[in-house]
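Chemist: when you get a sec, could you give me coordinates for this:
(2 chains)
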Protein chains: 2
Amino acid sequence: MTTFREQSPSTGPGPSSAPFLQACAGGTPERVPVWFMRQAGRSLPEYRRVREGVPMLESCRRPELVTEITLQPVRRYGVDAAIFYSDIVVPLKAVGVDLDIVPGVGPVVAEPFRTRADLDRLPPLDASHVPYVTEAVRCLIAELGPTPLIGFAGAPFTLASYLVEGGPSKDLARTKALMYGDPALWRDLLDRLARIAGEFLKVQIAAGAAAVQLFDSWVGALPAADYRALVRPASASVLGMVAKAAPGVPRIHFGVGTGELLADLGEAGATVVGVDFRVPLDEAARRTGGRHALQGNLDPAILFAPGDVVDARVEATLRAGRAAPGHVFNLGHGVPPGADPAVLARVVDVVHAWAPGD
Amino acid sequence: MTTFREQSPSTGPGPSSAPFLQACAGGTPERVPVWFMRQAGRSLPEYRRVREGVPMLESCRRPELVTEITLQPVRRYGVDAAIFYSDIVVPLKAVGVDLDIVPGVGPVVAEPFRTRADLDRLPPLDASHVPYVTEAVRCLIAELGPTPLIGFAGAPFTLASYLVEGGPSKDLARTKALMYGDPALWRDLLDRLARIAGEFLKVQIAAGAAAVQLFDSWVGALPAADYRALVRPASASVLGMVAKAAPGVPRIHFGVGTGELLADLGEAGATVVGVDFRVPLDEAARRTGGRHALQGNLDPAILFAPGDVVDARVEATLRAGRAAPGHVFNLGHGVPPGADPAVLARVVDVVHAWAPGD
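Modeler: Modelled structure (predicted):
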């Protein structure tokens, strides 16, 4: 079941009994586990220090930097899982797509994808494309001890949106135009991206990641019927590759604004459904039919409220999370760059002080 | 019932029998009425021509320009309603808030709202603050003949978000921090904004607007429970002011990403609930309990798809709209600046060719 244990170079007790993995498996560990999406990042002064002068994509290719950045929030907060420091476009860059991350803008693709010929720019990925990932994950496993490491990849729809738009977009109009206008090309594009994302996750698992999260950040922009017909099969393919290679490794699947899609995210093959802050966890449990552990979902904006409001909202989230078969506490979106680390530390304390039976 | 008729300076047949007003009232007119949010705007070459060199807020204060811009899409498309050309921040500027609309950025407030003392910067609005609105509406009524004019205002939450953030924001963190951190100040702020928005709509109705739309653009960023407790009362106050002053004037209420809030938007006192493109209209009819006419909800991204896809999606929207007691066809969000006017014209043709019994 716990494939990762066999593959983990760690000689310690291993993370198999970790509260995070127990909750992912639908159990009720002694405490509710907590980590934060984007916990390794700009909100931390120690992150800003080590990133100084290092461009984003370069930082993802330096194993010692990836290791340090991934460990920072674990050290500071005592969170129950580490998330591999990477960027959603790293595997695309690794197979040769000409793109960069422009500060204040986001990923910019030199030649956006538009036609069938563009598919040739997406060859399959294997471990040899990303030796720095394997090396960083191995270092991390050795350092993390019993704390599980979550591998990370962007889902086909969200990857496609970056490739097709070429840069930031509010409405994903070009992506949708391709999706609705040339469904055959769209399917082939998503199929290539699914294989890249699946392999990227498998590389991380092979090196020791104990769980994975597949981010479909922008898929909330789609009506459910279109998601089901034109996107879910590709996400299912990614999650299926992971399940086949490492059946015991939990698969978390998350997107922003996906209240209408929660059941479908589960159906795509997730073990754990990540929930946006707009839908309370008890309602999310209902929508996912009680078939999946849930991850979430404190509104990140609450981090800017007074302490007593933070505490009350964290506790309300924990109470609602009881409806789920397994609850991993998280925010309902990434940590905002302006968040105060002291408030995040407070959240961890409140979650850890909570008795699951409270 | 049709207060606007008494107030309208038009001597023609008046818009009371207009398909748009019939649908708003829950009826089934001879054809499904259609208009587009942001139909008057950047997608039209004739708009770009008349706006050349004229800053946004100045254009809203020139009655002859407002009249021309409002009429442009009616002339070009033969849509079933005109929407008053204005901006959500116009009434704030009119009562003296120091703000401007920066091209490519959006509304920027010189001194963002943070404390109780800031409330003094929001005195009540009356018709004398916006003579250019009264004049423009009167001109429009004379020009429009039987085509109804929809008045326009931003709802208290969305207005507050601009005032508190001071500029564009992805996560409305400061707005939410104020809302969660100082609910008493928040309520007083929304109360002032409700009175301003309500009066702004009443000015438009007094001059002849036949319907109003209250835009709560960003309210989809809130969980439903918070919307209900901290926002809905203020929106209800705006819609209540309109209902009291002009009970026969339909009140449309819309926000982006409000799938979780549709019933609440109706409960706030809307006649017609505007539906975002993420929720099919038949499902929206279910969520609003069949108590409201619905407006919407073609995904604007579909405008960039091939013609046969556009046609099929328009027809699917029309079919789903049959579940609503009254359907006003619209997009599920504003017209994108890059949309092709020829495609919008095609949408109008398909809607108008559709027999409601098809």
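Chemist: quick one: the strands in chain A?
Modeler: Taking DSSP state E, the strands of chain A run over residues A:82-83, A:99-102, A:106-109, A:149-154, A:211-215, A:251-254, A:272-274, A:293-298, A:327-331.
Chemist: between the ones you listed, which one is nearest to A:Glu68?
Modeler: Nearest to A:Glu68 among those is strand A:82-83 (11.6 Å), distances taken as CB to CB. For glycine as for every other residue, the C-beta is placed from the backbone atoms N, C-alpha and C.
Chemist: the closest one pairs with which strands, parallel or anti?
Modeler: The pairing partners recorded for strand A:82-83 under DSSP bridges are strand A:149-154 (parallel).
Chemist: list the buried residues of the strand it pairs with.
Modeler: A:Leu149, A:Ile150, A:Gly151, A:Phe152, A:Ala153, A:Gly154 (16 or more other CB atoms under 10 Å in any protein chain shown).
Chemist: just send the residues you listed back as TSV, with distance to A:Ala301 and pLDDT too.
Modeler: Shown next, in TSV, are the buried residues of strand A:149-154 (distance: CB to CB, whole Å; pLDDT from 0 to 100):
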residue	distance to A:Ala301	pLDDT
A:Leu149	28	98
A:Ile150	24	98
A:Gly151	28	98
A:Phe152	24	96
A:Ala153	27	98
A:Gly154	24	98
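Chemist: and the strands of chain A as a markdown table, adding distance to A:Pro91?
Modeler: Below are the strands of chain A laid out as a markdown table (distance: least, CB to CB, whole Å):
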| stretch | distance to A:Pro91 |
| --- | --- |
| strand A:82-83 | 16 |
| strand A:99-102 | 11 |
| strand A:106-109 | 12 |
| strand A:149-154 | 7 |
| strand A:211-215 | 12 |
| strand A:251-254 | 17 |
| strand A:272-274 | 20 |
| strand A:293-298 | 23 |
| strand A:327-331 | 23 |
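Chemist: closest one to B:Ala206 among these?
Modeler: That would be strand A:293-298 among the strands of chain A, by CB to CB, at 45.4 Å.
Chemist: quick one: the closest one near chain B?
Modeler: No. Using CB under 8 Å from any CB of the partner chain, strand A:293-298 stays clear of chain B, with a minimum separation of 9.2 Å.
Chemist: where does that strand sit relative to the chain's centre, distance-wise?
Modeler: 12 Å (CA atoms, centre = their mean, to the nearest Å).
Chemist: quick check: angle from it to strand A:327-331?
Modeler: If you take axes from the mean of the first three to the mean of the last three CA atoms, to 10 degrees, strand A:293-298 sits at 30 degrees to strand A:327-331.
Chemist: what's the burial count for A:Ala323?
Modeler: Applying other CB atoms under 10 Å in any protein chain shown, we find 16 residues neighbouring A:Ala323.
Chemist: now do the phi/psi pair for it.
Modeler: A:Ala323 adopts backbone torsions of phi -70, psi -20, taken as degrees, to the nearest 10.
Chemist: between the strands of chain A, which gets nearest to B:Gly259?
Modeler: Closest approach to B:Gly259 among those is made by strand A:293-298 (16.1 Å; CB to CB).
Chemist: the closest one pairs with which strands?
Modeler: strand A:272-274 (parallel), strand A:327-331 (parallel).
Chemist: turn those into a markdown table, including distance to A:Gln213 and mean pLDDT.
Modeler: Shown next, in a markdown table, are these (distance: least, CB to CB, whole Å; pLDDT from 0 to 100):
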| stretch | distance to A:Gln213 | mean pLDDT |
| --- | --- | --- |
| strand A:272-274 | 7 | 98 |
| strand A:327-331 | 10 | 98 |
